[in-house]
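Chemist: structure of the sequence below:
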Amino acid sequence: MLRTLLIVLFALGALPAAASAAASVTGNGDFLPPWNPPPTGLQFSVPPVDAVSDLQGDVNDPQLVVFFAGNQFMVVHDLMASFKQAYPQYQRVFAETLPPGILAKQIEGGVLVMGNLRITLKPDIYTAGKGAIAERQEQQHWFADTYDYVRNPLAILVAAGNPKHIGGLADLGRADVRVSMPNPKWEGIARQIEASYRKVGGEALDQRIMDTKVKAGTTYLTRIHHRQSPLRVLQGQSDAAPVWSTEAYFQQQILHHPVQTIHIPADQNAMATYTAARMKAAPHPQAAKDFMAFMRSPKAQTVYRKYGFQTVQ
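Modeler: Reported below is the predicted structural model:
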């Protein structure tokens with residue numbers, strides 16, 4: 001109701017843009033992103049009408065451009081602040097936190113269009129899962145060097161109190177459980193989750209969740225990336241969501257939203273390794289080298305540990 005009132009008041013000219021933005025980002029009970037602190041400047045954000053969560057920083061004449069695999073959206077604010085402190089010569093930094101498959105298409109096509117915004121920036125750094133980076137390098141030879149920096153297992157996110165009594169992955173096949181599932185078309189995590197389904201219930205469980213329940217409307221495939229899944233659980237649209245453990249940690253331990261985590265046993269789980277890759281065609285070659293050095297530093301590892309990632313070393 002408050003969000004609707006804000007939008008109406010703004011449309012009527014009764015509420016300044018900055019005031020409407022302040023109201024929306026301080027929280028109205030809808031758990032809407034953006035969740036990171038915004039940069040300084042005139043604030044204009046009215047979720048869900050106008051809210052850009054996955055484009056972060058300085059799009060105008062950046063000194064460094066980083067394409068992060070999307071599930072690191074919560075890290076970028078602190079990570080870039082630490083980088084700028086370590087390398088004060090770089091103060092204009094732009095980062096995207098879209099799915100790595102979408103970012104790869106953006107690199108190939110050279111353009112990203114979001115609403116009426118057209119972005120033609122090329123990345124200095126691209127991060128994705130270790131396997132995806134290796135595959136891109138074999139096929140396209142994009143990278144000058146790479147570095148494995150953090151790891152992340154899977155978990156199941158449910159509403160506080162676990163009203164559907166979800167005990168593990170097998171329960172996601174139940175007809176009464178609404179599942180939010182990353183879309184395999186552009187989400188690498190989907191392959192990891194499906195492998196875990198097969199470990200628990202064979203092809204039958206995977207087929208039930210990813211085909212039968214999709215057709216029935218009880219498995220929802222995300223349209224942006226798995227950042228949608230926690231929001232769907234919080235808004236009561238889904239009962240359970242397989243996610244990277246850091247997303248459950250962020251929602252429960254950092255934002256203190258009313259959710260809880262169902263842990264997946266190691267023999268049913270999958271562990272992702274994230275790899276940073278310096279582009280051969282980096283527009284800012286020295287900045288790219290400096291950022292790769294920073295990602296190897298204890299300062300960067302400290303930021304990732306703060307948000308629940310497991311460091312490689």
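Chemist: OK, contacts around Met74?
Modeler: Applying CB atoms under 8 Å, 6 or more residues apart in numbering, we find Met74 in contact with 35-36, 246-247, 250, 254, 307. Where you see a C-beta, it was placed from the backbone N, CA and C, and this is true even at glycine.
Chemist: top of the residues you listed by number of neighbours, please.
Modeler: Tallying neighbours with other CB atoms under 10 Å puts Glu247 at the head of the contacts of Met74, with 26 neighbours.
Chemist: and it, how far from Asp206?
Modeler: Separation of Glu247 from Asp206 (CB to CB, to the nearest Å): 21 Å.
Chemist: most centrally placed residue in the protein?
Modeler: Asn71 (2.6 Å; CA atoms, centre = their mean).
Chemist: spatially nearest residue to that residue (excluding sequence neighbours)?
Modeler: Trp244 (5.1 Å; CB to CB, 6 or more residues apart in numbering).
Chemist: what is the nearest of the contacts of Met74 to Gly202?
Modeler: Distance to Gly202, by CB to CB, is smallest for Glu247 among the contacts of Met74, at 26.6 Å.
Chemist: how about that closest one, secondary structure?
Modeler: Secondary structure assignment for Glu247 (DSSP: H, G, I helix; E, B strand; the rest coil): helix.
Chemist: in this structure the residue nearest to the centre of the chain contacts Glu247, no?
Modeler: Yes. With contact defined as CB atoms under 8 Å, Asn71 counts as touching Glu247 (6.2 Å).
Chemist: mutual contacts of those two, please.
Modeler: 226-227.
Chemist: just the contacts of Met74: which are in strands?
Modeler: Among the contacts of Met74, no member falls in strands (DSSP state E).
Chemist: how far away is the residue nearest to Asn71 from Val75?
Modeler: 12 Å.
Chemist: show the end-to-end separation of stretch 90-105, please.
Modeler: Counting by CA to CA, to the nearest Å, you get 27 Å between the two ends of stretch 90-105.
Chemist: same deal with stretch 91-100?
Modeler: 25 Å.
Chemist: buried residues, it. List them.
Modeler: Neighbour-count burial for stretch 91-100, counted by 16 or more other CB atoms under 10 Å, picks out 93-100.
Chemist: restricted to helices, list the residues you listed.
Modeler: Pro100 (DSSP state H).
Chemist: the buried residues of stretch 91-100: which two are farthest apart?
Modeler: Val93 and Pro99 (20.7 Å).
Chemist: stretch 58-76: which residues count as buried?
Modeler: 58, 62-76.
Chemist: CA atoms only: put that stretch into CSV for me.
Modeler: What follows is stretch 58-76 as a C-alpha-only set of coordinates in CSV (Å, rounded to 0.1, in the frame of the first residue of the first chain):
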residue,chain,number,x,y,z
ASP,A,58,30.1,4.7,-12.5
VAL,A,59,28.8,4.0,-16.0
ASN,A,60,30.3,7.3,-17.2
ASP,A,61,33.9,7.0,-18.3
PRO,A,62,34.8,4.2,-15.9
GLN,A,63,38.5,3.4,-15.1
LEU,A,64,37.6,-0.3,-14.5
VAL,A,65,34.7,-2.4,-15.7
VAL,A,66,34.0,-5.8,-14.0
PHE,A,67,31.3,-8.3,-15.1
PHE,A,68,30.6,-10.4,-11.9
ALA,A,69,28.6,-13.6,-11.9
GLY,A,70,25.3,-12.4,-10.5
ASN,A,71,25.2,-14.1,-7.1
GLN,A,72,28.0,-11.8,-6.0
PHE,A,73,25.7,-8.7,-6.1
MET,A,74,25.8,-8.4,-2.3
VAL,A,75,29.6,-8.3,-2.2
VAL,A,76,30.2,-5.6,-4.8
